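In: Okay, sequence plus prediction incoming.
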Amino acid sequence: MFINTKQIMESIKELEKVHPFYGHSFLVCKKEGNLPIGSHIEFDFYRELKYFLEQYYKPEKNSEYYFRALKKGADKRKNWLKPDYASSGAQSTITREFGVVFIHNKKTQLWGWEKDYIEKLKLKMTKPIPTFHLAVWLYREKEWSSEKTGKDIIETFFEEFNISQDEKSELFDTSYPEKAANDLFQQEKASWEDLKDKLDIDSPPDAPKEKGGTLSFLKLIGVGPAKEIQFEPAERINLLTGDNGLGKTFLLESAWWALTGNWTSSPIYPRQDAKKNEPKIIFEISGAGSRSKKSESPFNWEKQEWISQRARPTIPGLMIYARVDGAFAIWDPAKNTTAPSSNTFDESIGSLILTKESIWDGLRITKGGVNRFLCNGLITDWVNWQNNQEMYPFETLKNVFRRLSPPDLTKGDLGPLVPGIPTRIPGDSRLIPTLSHPYGDVPILFASAGVKRIISLAYLIVWAWYDHKEQSKLIHEAPQSRMVILIDEIEAHLHPQWQRKILPALIGLQEELQSAIQIQFLIATHSPLVMASVEPVFDIAKDKIFHLELKEGEGAIKKEEVNLKELSFVRHGRVDTWLMSDAFNILHARSLEAEEAIECAKALQLRENVKKDEVQEITNRLIKLLAGDDSFWPRWTFFAEKHGVKI
């Protein structure tokens, strides 16, 4: 059995009131030195202190820093002691504050206790050392018998650290919480990651950055369509709905910046009514193991820019952003490390922005007179992959095409996206890839807007993943296991049949890339068909739906503001029912004129005094606007005939 997590948390809070000397140096002198009183012995104090800190105060095994569990007299915001603490920080503390309790000549290794050391130590205390809480921290990884109690832990501490009877009575508080007698242990050793998360502290400065981060929190203050917007996306599917101009693209751009530290175009700008210190972007990136601490970036009015941390607390996973204008952005963590061993985030490399043209034709830059090819482009890569299938991921590309293809329901449909034989076209010296359609092979340059967008998306997902794996090999790192895909207006240019398939197809992409990969989707849509398509795969534990809407503001001037609302998932089934859901707020799945006519008819039905000619006028409008089998007719027919109007 092990001391439970809750008790360790409570004990750490109690230790914040204790001076570090009593939890470090004093215990080293008692356990390792067993210093004499009134005389001195040779004792390598600072070397033994370093060993002691390594044993009890180093929960981050891959770090050289020590956890600052005892904080009295120190900056409580600082949670880590530097690697040289034993030879610098502790030495300074002893010299300035506790030198009077020792018999020690400078620049020697002779140490002993002054005869009145207990009295002098007691004078420096505001309250006795909380023995139980100190022991809980020191023994947090020690295995205990389930019969042991808080009293047993205290006695073990006194015995192991050679605490004398006089020291017990004068320096230590031997009490312990009543619950520690019977509710003290748990089966598993308390996880430091869990403790760190509950304590809300950062990792030490030299800890390796956690990789594979996804967005778990985004708060925008004094910027955008509302004074404050808070967005807490789920780990897998996140659908953003709302009217044009309310901020769906704005949220996607902000999410991209929070994860990468780069804008894909112009940075967002504070609101006109924002105060000087008000605009902030607060975000949190979750790694595979835990959530990191929230980061806050204010706006610098003088420089007209957002002050961003150069190093994100957690390095994001591979990211792909399909913008509504046809451009794409790629962020690859394997290309954003300064060295294979440093794991540091480097914003200077930034995002790879591919315009509609560079997606097809490639992108290169010239630096120092040397050309660097950042992306060969869809046309060149497709042909190379198709001609060298043993070396390149052409089979993966074909499988992704197959998944993202429109449904093949009838003979009149477009059918699956199948690569044909590359061909030449007039005026272009390159071989151009083709798609095999029912009516023949078509060069992709002549494909429809919808087909071009899907094959661009498919190509960039495959290329980014393949390139990431190759780059990871070069820096001797394992490929990422998490990816973030952002898509603005996923339904753009797609036929309704295709809209019903595209999102479920994207969700299954990890099977084509790597079975263990997890993908977080941030997707903006105006399509009830897309919303209906997610019903069979929606999981309330890892998926969410959000809606942007206008609401009446506060204060004397009732100016409307945008509100981001998380919607409860409901299976509406029919697409027209989705149209009338909170995701779209349309009263009727009919034409606008038909909606107005029905609303007038309903209002008339609620009136007490109704004239026949009024009923006839509404009837004529309904006949013109509604289908003969419209569901509103039974209700209206009864009412109209009751008032002498036959239909």
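Out: Perfect, thanks for sending it.

In: okay, CA-based contacts and neighbour counts for the rest of this
Out: Fine.

In: can you list the weak-confidence ranges in this protein?
Out: Within the chain, the segments meeting pLDDT under 70 span 73-76, 179-182, 288-292, 309-313, 337-350, 409-413, 515, 552-559.

In: Show me what the lengthiest strand in the chain is packed up against.
Out: The longest strand of the chain (DSSP state E) is strand 210-223. The contact analysis (3 or more C-alpha pairs under 8 Å, 6 or more residues apart in numbering; DSSP states H and E) places strand 210-223 against strand 226-231, helix 248-260, strand 280-286, strand 314-316, strand 482-488.

In: Throw those into JSON lines and include mean neighbour count, thanks.
Out: Below are the helices and strands packed on strand 210-223 laid out as JSON lines (neighbours: other C-alpha atoms under 10 Å):
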{"stretch": "strand 226-231", "mean neighbour count": "18"}
{"stretch": "helix 248-260", "mean neighbour count": "22"}
{"stretch": "strand 280-286", "mean neighbour count": "23"}
{"stretch": "strand 314-316", "mean neighbour count": "26"}
{"stretch": "strand 482-488", "mean neighbour count": "22"}
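
In: would you turn those into JSON lines with distance to Arg635?
Out: Compiled in JSON lines, those are given as follows (distance: least, C-alpha to C-alpha, whole Å):
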{"stretch": "strand 226-231", "distance to Arg635": "42"}
{"stretch": "helix 248-260", "distance to Arg635": "39"}
{"stretch": "strand 280-286", "distance to Arg635": "52"}
{"stretch": "strand 314-316", "distance to Arg635": "56"}
{"stretch": "strand 482-488", "distance to Arg635": "41"}
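
In: The helix or strand harbouring Lys168: how far from the chain's middle?
Out: Taking DSSP states H and E as the criterion, Lys168 maps to helix 165-171. Relative to the chain's own centre, helix 165-171 is displaced by 50 Å; criterion: C-alpha atoms, centre = their mean, to the nearest Å.

In: Check stretch 298-318 too.
Out: Relative to its chain's centre, stretch 298-318 lies at 15 Å (C-alpha atoms, centre = their mean).

In: Please list the residues outside stretch 543-551 that contact it.
Out: For stretch 543-551, contacts defined as C-alpha atoms under 8 Å, 6 or more residues apart in numbering pick out 233-243, 246-248, 560-569, 582-583.

In: Which neighbouring elements make contact with the longest helix along the chain?
Out: If you go by DSSP state H, the chain has its longest helix at helix 449-474. Applying 3+ C-alpha pairs under 8 Å, 6+ apart, we find helix 449-474 packed against strand 318-322, helix 394-404.

In: and those, which is most packed in?
Out: Greatest average neighbour count among those goes to strand 318-322 (a mean of 25), per mean count of other C-alpha atoms under 10 Å.

In: Within the sheet, what are the partner strands of that strand, with directions?
Out: strand 328-331 (antiparallel), strand 482-488 (parallel) (DSSP bridges).

In: residue contacts, the residue most central in space within the chain?
Out: Nearest to the mean C-alpha position of the chain, by C-alpha atoms, centre = their mean, lies Leu215 at 2.0 Å. Leu215 sits next to Pro233, Glu235, Ala255, Ala258, Leu259, Phe283, Glu284, Ile285, Ser286 when contact means C-alpha under 8 Å, 6+ apart.

In: list the contacts for the fifth one?
Out: Just to be clear, that refers to Leu259. Residues near Leu259 by C-alpha under 8 Å, 6+ apart: Thr214, Leu215, Ile285, Arg312, Ile315, Pro316.

In: And it, how close does it get to Ile353?
Out: Distance from Leu259 to Ile353, counting by C-alpha to C-alpha, to the nearest Å: 15 Å.

In: Look up how far Pro438 lies from Phe67.
Out: Phe67 sits 67 Å away from Pro438, going by C-alpha to C-alpha.

In: Look at the two and report which has more neighbours.
Out: Using other C-alpha atoms under 10 Å, the more surrounded residue of Phe67 and Pro438 is Phe67, with 18 against 12.

In: Near the residue nearest to that one when sequence neighbours are not counted, how many other residues are there?
Out: Nearest residue to Phe67, sequence neighbours excluded (C-alpha to C-alpha, 6 or more residues apart in numbering): Trp80, at 4.8 Å. Look at Trp80: counted by other C-alpha under 10 Å, it has 20 neighbours.

In: can you tell me how far Trp80 sits from Tyr57?
Out: 10 Å.

In: go on, Ile461?
Out: 44 Å.
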